[in-house]
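**Student:** Give the three-dimensional model of this entry:
(one chain, ligands or ions: 1)
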Amino acid sequence: MILIGRNVSPFVRRVASVMRLLKIDFEQRFLATADSIQDIAKFNPLGRVPSLVLDDSEILIDSSAIIDYLLELKDQNGDLLPKTGSERRSILRTVAIAHGVMEKGVASSYEQTRRSPEKVSDEWLSYLQKQIIWGLEDLERKAEHTSEWLHGDRLTLADVTSICAFDYINMRHPVLFDANSFLALKKLTDQGNKLPAFFETKPAT
Ligand SMILES: N[C@@H](CCC(=O)N[C@@H](CS)C(=O)NCC(=O)O)C(=O)O
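**Tutor:** Numbering: from 1, shown residues only. This is a model prediction of the structure:
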């Protein structure tokens, strides 16, 4: 399998982390949306990452759809995401919040880097940044009231997505909040980053 995209994208990194956790072999083409859009569009007509090229050449797009396939392939016991029931729904809620933080983080970054400065809307930017904080506050409450991982003593897709989201926000928006604001989330992320699935995928910049 070939994963398209760089791990600076939190969406790509969460796919790469899930593949490592599930021990799925893959190669990665580190294409960036900023300068390889034509190549990326060969895999996804929207010009977005991640895409995953399967061994029979089928191409999957969007991190959620890709992870859905990976779990079907290699998470038969439902360790990362139970197949049914209230625990599944609860984990998917956390995943949706963390994925939303990623979306708002990327939108906020694009507002600042991909628009000409005179067109940047401070009002819109400030709203996006509030949404990031609201999402992180929700994840922090979850992290404060749990044991080892967000949904108990087993690492799940909720942890994968939250760790990738928190690292991304710290990397791209380092001055958005005080370092002491999200201590439980920071502890969770530090704990995750000790595992190969996270430290091997953590982007340098
Ligand atoms: N919902 C998608 C979001 C993917 C996404 O927004 N990727 C960004 C990179 S971080 C991208 O490709 N941006 C280029 C664009 O949207 O034009 C997912 O979960 O995979």
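**Student:** wait, what's in contact with the most far-flung residue of the chain relative to its centre?
**Tutor:** Here the chain reaches farthest from its C-alpha mean at residue 118, the gap being 30.3 Å by CA atoms, centre = their mean. In this structure, residue 118 makes contact with no residue, judged by CB atoms under 8 Å, 6 or more residues apart in numbering. Every residue, glycine included, has its C-beta placed from N, CA and C.
**Student:** How about the secondary structure of it?
**Tutor:** Following DSSP: H, G, I helix; E, B strand; the rest coil, residue 118 is assigned to helix.
**Student:** Residues of this protein that sit close to the ligand?
**Tutor:** 9, 11, 33, 47-50, 62-64, 106 (CB under 6 Å from any ligand atom).
**Student:** residue boundaries of the helices in the chain?
**Tutor:** Applying DSSP state H to the chain gives helices spanning 10-21, 37-41, 63-74, 86-113, 122-144, 157-172, 183-192, 196-199.
**Student:** got a markdown table for these, with mean pLDDT, distance to residue 55 and mean neighbour count too?
**Tutor:** A markdown table is the format used below for the helices of the chain (pLDDT from 0 to 100; distance: least, CB to CB, whole Å; neighbours: other CB atoms under 10 Å):
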| stretch | mean pLDDT | distance to residue 55 | mean neighbour count |
| --- | --- | --- | --- |
| helix 10-21 | 98 | 13 | 25 |
| helix 37-41 | 97 | 20 | 14 |
| helix 63-74 | 98 | 11 | 17 |
| helix 86-113 | 97 | 27 | 18 |
| helix 122-144 | 97 | 35 | 16 |
| helix 157-172 | 97 | 23 | 25 |
| helix 183-192 | 97 | 29 | 18 |
| helix 196-199 | 98 | 21 | 16 |
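**Student:** Next, work out how far apart the residue farthest from the centre of the chain and the ligand are.
**Tutor:** 21 Å (CB to the nearest ligand atom, to the nearest Å).
**Student:** So for that residue, what pLDDT did the model give?
**Tutor:** Model confidence at residue 118, given as pLDDT, is 96.
**Student:** same thing with residue 205?
**Tutor:** pLDDT recorded at residue 205 is 64.
**Student:** Please apply the same query to residue 147.
**Tutor:** Taking residue 147 on its own, its pLDDT is 88.
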